[in-house]
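Trainee: Give the three-dimensional model of this entry:
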Amino acid sequence: MTVVSRTVRAIPHRPASDTWAFIIDLLAPSAGAARSELQSVRGTACALIAEEIMTDASIVVYGSGPRVRIYCLFNEDALEGDRASESALSFVPTEEDWKLSFPCPQDDLQWVQKALKAKSSRITARDKDASVEDGDSDNRADSSLTIDKEAFLRL
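Mentor: Numbers count the residues shown, from 1 in each chain. Okay, here's the model as predicted:
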């Protein structure tokens, strides 16, 4: 599976609402259904950004293309911006079939999942220590693929 990551400068460089707007611009740069769906969860997304969870755990966008991981920088790291990687993606991860998973503190997981479910079937939350299962992605390996080892090792 191909994975692309971006690291976005957040609080205090940008307020949580501007950080989420920047992330939306990365994931859905043009007007459309995906952009509207991402904007519909703005309040919940901003609350999660304000929790500063996305330093070690990432927002994950997956589906028909490469998996996208988005991390955030906070405090001095956000102000300095040395580790930021905010360039536009070379593809639109929300163009075809896609899903987005937010990392979330265990204490908030129940209300966050409920809030997201009310707005979207594509956008979910997971415990910040859990990974997004490969089985949820269309990028999983094809189990029917075999390698001819003899042909591979021939000189």
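Trainee: May I have the beta-bridge partners of residue 68?
Mentor: Note on residue 68: beta-bridge partners by DSSP bridges are residue 4, residue 61.
Trainee: wait, isn't it in contact with residue 2?
Mentor: No. Using C-beta atoms under 8 Å, residue 68 is not in contact with residue 2; the gap is 9.7 Å. C-beta: built from backbone N, CA, C; applies to glycine.
Trainee: If you count surrounding residues, which of the two has more?
Mentor: residue 68 (24 against 8; other C-beta atoms under 10 Å).
Trainee: The nearest residue to residue 103 once chain neighbours are set aside: how many residues sit nearby?
Mentor: Nearest residue to residue 103 in three dimensions, chain neighbours excluded: residue 57, at 3.4 Å (C-beta to C-beta, 6 or more residues apart in numbering). Counted with other C-beta under 10 Å, residues neighbouring residue 57 total 20.
Trainee: cool, and residue 127?
Mentor: For residue 127, the neighbour count with other C-beta under 10 Å is 12.
Trainee: so who does it touch?
Mentor: By C-beta atoms under 8 Å, 6 or more residues apart in numbering, the contact list for residue 127 reads 103, 104, 106, 109.
Trainee: Show me what the helix or strand hosting the first one is packed up against.
Mentor: Put plainly, it is residue 103. In this assignment (DSSP states H and E), residue 103 forms part of strand 98-104. Packing contacts for strand 98-104, counted by 3 or more C-beta pairs under 8 Å, 6 or more residues apart in numbering; DSSP states H and E, involve helix 42-50, strand 59-63, helix 109-119, strand 123-127.
Trainee: Out of the ones you listed, which one sits most buried?
Mentor: Mean neighbour count (mean count of other C-beta atoms under 10 Å) peaks for strand 59-63 among these, with a mean of 24.
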